[in-house]
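> I'd like to go over a predicted model; first the sequence, then the structure.
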Amino acid sequence: MNYEALEDLFLISITHTPSGKEINIHATSFKTVNKVDKTSIHAFLSGFEEANMEGYVVKYTKGLTNSLRVKYKFNTYVEKHKGKSLSETAIKRSMKNMESINLDNIPDECYAAVKKIKTQMEEQFQCQRSKIENQYLKITTQENSSPRDVIEAIKQSEHSSILFAIHRKKPYDMLVWKSL
């Protein structure tokens with residue numbers, strides 16, 4: 001878990017694509033993962049956590065070519081990284097500023113939560129945008145409305161800055177985000 005200055009790749013496996021057979025990874029120049037041979041891997045892993053390790057990649061093999069790999073993260077790793085998940089506030093702030101969400105140093109287990117918050121925010125944005133665009137259409141399609149009447153109606157709205165941007169054919173997504 002504490003990698004200090006280590007920035008490296010660890011080779012987990014190599015599969016020969018046409019045959020589906022695994023190739024010996026220890027003959028490469030890459031750093032490789034340690035191999036643990038156990039009959040009952042679950043019993044082994046459930047009671048064993050090693051300091052400074054994330055966990056294991058467990059390979060279940062069926063026959064010569066069928067295998068499945070599963071990440072087994074130690075509880076200490078998951079607990080330590082819970083605090084590193086992005087807060088809902090941080091995600092919303094990034095989205096309101098139309099910035100990308102930085103997922104560096106965030107464990108894979110937190111991606112689903114980030115995606116859920118991001119989806120909710122995008123839905124709120126689309127709903128708010130549609131509401132404001134409909135308000136603009138209502139203002140501009142009233143019978144007997146002069147250009148001055150349109151301007152006065154826009155001024156009366158709580159979303160006047162967005163409505164003026166729409167009216168002037170200017171970009172307004174950033175304004176909608178900030179209104180959320």
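In hand now; what should we look at?
> what about the helices in the protein?
Counting by DSSP state H, the chain has helices at residues 41-46, 75-82, 88-96, 111-140, 147-156, 160-167, 173-179.
> nearest to I12, out of those?
Smallest distance to I12 across the helices of the chain (C-beta to C-beta): 15.4 Å, for helix 41-46. (Each C-beta comes from the backbone N, C-alpha and C, glycine too.)
> which of the helices of the chain sits most buried?
Counting by mean count of other C-beta atoms under 10 Å, helix 160-167 has the highest mean neighbour count of the helices of the chain, with a mean of 19.
> what's that one packed up against?
On a contact count with 3 or more C-beta pairs under 8 Å, 6 or more residues apart in numbering; DSSP states H and E, helix 160-167 meets helix 111-140, helix 147-156, helix 173-179.
> chain neighbours aside, what residue packs nearest to K73?
Nearest in space to K73, with sequence neighbours left out and distances taken as C-beta to C-beta, 6 or more residues apart in numbering, is G55 at 4.1 Å.
> make CSV out of the helices of the chain and add mean pLDDT and distance to F10.
Putting those into CSV (pLDDT from 0 to 100; distance: least, C-beta to C-beta, whole Å) gives the following:
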stretch, mean pLDDT, distance to F10
helix 41-46, 59, 18
helix 75-82, 62, 15
helix 88-96, 81, 30
helix 111-140, 90, 21
helix 147-156, 90, 59
helix 160-167, 94, 50
helix 173-179, 90, 40
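> let's have those helices in a markdown table, adding distance to N24.
Output for those, formatted as a markdown table (distance: least, C-beta to C-beta, whole Å):
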| stretch | distance to N24 |
| --- | --- |
| helix 41-46 | 21 |
| helix 75-82 | 28 |
| helix 88-96 | 43 |
| helix 111-140 | 32 |
| helix 147-156 | 71 |
| helix 160-167 | 62 |
| helix 173-179 | 52 |
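> quick one, which of these gets closest to T15.
Between T15 and those, the tightest spacing by C-beta to C-beta is seen for helix 41-46, at 20.3 Å.
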